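Participant: Got a sequence here, can you model it:
(one chain, ligands or ions: 1)
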Amino acid sequence: FICCGLRITPVNYSLFGTLSIKLSKDIKIFKDVFPYPEVTLDELNDMKQFVIPVEKFFNEEVDSQKIDHDGVIPQETLDRLKQLGLFGMLIPEEYGGLGLSHVMYARLGEICSQDGAIAVTLAAHQAIGLKSILLAGTEEQKAKYLPKLATGEYIAAFCLTEATSGSDAASIQTRATLSEDKKYYTLNGSKIWITNGSLASIFTVFAKTEIIDSDGFKKDKITAFIVERNFGGITNGKPENKLGIRGSDTCEVHFENTKVPVENVIGEVGGGFKIAMNVLNSGRFSMGSLVAGMMKKLIGKTAEYACTRKQFNRPLSEFGLIQEKFALLARKTYVMESMAYLTAGMMDSPGFPDCSMEAAMVKVTGKSGVAMVFFYLFVFVFPFPFLNFLLIYFDLSTITSITF
Ligand SMILES: Cc1cc2nc3c(=O)[nH]c(=O)nc-3n(C[C@H](O)[C@H](O)[C@H](O)COP(=O)(O)OP(=O)(O)OC[C@H]3O[C@@H](n4cnc5c(N)ncnc54)[C@H](O)[C@@H]3O)c2cc1C
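Facilitator: Just a heads-up that it's a prediction; the model follows:
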């Protein structure tokens, strides 16, 4: 059961009856049991400090039409994103990042989603690309890589998908073989659909390694590695041409006899599959605010159109059927936003609760439910000028549905 953020397992289910009696007596217990995440005034002020310059930048300096047309984010835009600290949102301050809470990350994501290509680039860098180091890296790995990843001097990519291995991530073929002196692994294989694939200088790569299992038999298990581009033997395919997020960098990445030092193994040898799944679980929640941000922008644009376009001598906005569509979109946006921030707030609460189920629900709502509304709205109401937005939305939802 999931109820208002409380996961009722068989163990605490039996406690629930007792607690519910106490609820009427003590509101504090209620708050302990249903910890609705509240934002303090201090946090709100902090948030404004980050939000205002980012919002200004996206409103005044980002030319999304050009980014999508040219199929590339200009270097000066990337540089400004770095200056604003947006490559280090989730990296703790001690490693030079902004050390934002999940709520703050979600809030900034809402703004960044105004440009799909930028949102995807930033998310691939920190929600998946460097996340394994944050979640399972050693102190040495964090100290070595995170400061440069936080400033954007290094851009990260997450390399899991292969030509024959998509949803079935455990079936990857890329292989890492331990050297005889046990000092390095030799990496061979090809990854496809890698976001930031040609921009990145740091890759989290998942590869099969031979291990001796607890039963004494040799087995192939997945291990995660931090791979620097300058380790050698790394090449890229040409950029994939996509819809709506053409400016994000997606390509094949090939590893040919790339030598990776053993100290660059993330977590345990053979423990990579779990790391990959943890990374994907922890990143999904961010889909919610990205979509909520896009929906709000869409409501603004479509409202503008509906108020100015006249048919039968009246603006479209005066027709009941059109008003109903807006009501539906506003309701879906409210649901999406509420789910996104409730989940983000729960993830920030003490004890780092496991919110993977809630995050998955945020993702599914973002992807399927809202997509239907967009389709409905666009096809029947606003035809052309918003097509680009629609395409960005569907591309974002496709990627986030799977990878994030
Ligand atoms: C723009 C973009 C960027 C990407 N960036 C990255 C990245 O940075 N790093 C990375 O590693 N990967 C990335 N990916 C790859 C993405 O994660 C894969 O597309 C994903 O893993 C799914 O694999 P697939 O496309 O091969 O689909 P498949 O696994 O072949 O699935 C095809 C369809 O079948 C469905 N399906 C599969 N199995 C089942 C099942 N058991 N039951 C029911 N339905 C099922 C799927 O839901 C899907 O609809 C990116 C993809 C895109 C499009």
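Participant: Give me the helices and strands touching the helix or strand that residue 56 is a member of, please.
Facilitator: Following DSSP states H and E, one finds residue 56 within helix 41-60. Contacts defined by 3 or more C-beta pairs under 8 Å, 6 or more residues apart in numbering; DSSP states H and E place helix 41-60 against helix 102-112. For glycine as for every other residue, the C-beta is placed from the backbone atoms N, C-alpha and C.
Participant: Repeat the analysis, applying 10 Å as the threshold.
Facilitator: Judged by 3 or more C-beta pairs under 10 Å, 6 or more residues apart in numbering; DSSP states H and E, helix 41-60 is in contact with helix 75-83, helix 102-112.
Participant: looking at those helices, which has the lowest confidence?
Facilitator: Note on those: lowest mean pLDDT is at helix 102-112, with a mean of 92.
Participant: and the next element down the chain from it?
Facilitator: Once helix 102-112 ends, the next helix or strand along the chain (criterion: DSSP H and E) is helix 116-123.
Participant: need the strands for the stretch 251-400 of the chain, in chain order.
Facilitator: In the stretch 251-400 of the chain, the segments counted as strands under DSSP state E, counting those that start in this stretch are 265-266, 310-311, 314-315.
Participant: Going by neighbour count, list what's buried in stretch 207-227.
Facilitator: Neighbour counts over stretch 207-227 (16 or more other C-beta atoms under 10 Å) mark 207-209, 211, 221-227 as buried.
Participant: just these now: which is nearest residue 197?
Facilitator: residue 227 (12.3 Å; C-beta to C-beta).
Participant: related to what we said a few turns ago, quick one: which of the strands of the stretch 251-400 of the chain is nearest the ligand?
Facilitator: Between the ligand and the strands of the stretch 251-400 of the chain, the shortest gap by C-beta to the nearest ligand atom is with strand 265-266, which sits at 15.0 Å.
Participant: distance between the closest one and the chain's centre?
Facilitator: 22 Å (C-alpha atoms, centre = their mean, to the nearest Å).
Participant: do the same with stretch 55-69
Facilitator: 20 Å.
Participant: Report the backbone C-alpha coordinates of that stretch in CSV.
Facilitator: Coordinates of each C-alpha in stretch 55-69 appear next as CSV, following Å, rounded to 0.1, in the frame of the first residue of the first chain:
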residue,chain,number,x,y,z
GLU,A,55,14.7,32.2,-15.2
LYS,A,56,16.2,35.4,-16.6
PHE,A,57,18.8,33.5,-18.6
PHE,A,58,16.2,31.1,-20.1
ASN,A,59,13.8,33.9,-20.9
GLU,A,60,16.3,36.3,-22.4
GLU,A,61,19.2,34.4,-23.7
VAL,A,62,18.2,30.9,-24.8
ASP,A,63,17.1,30.7,-28.5
SER,A,64,15.4,27.3,-28.6
GLN,A,65,14.3,27.7,-32.2
LYS,A,66,17.9,28.2,-33.2
ILE,A,67,19.2,25.4,-31.0
ASP,A,68,16.7,23.0,-32.6
HIS,A,69,17.3,24.2,-36.1
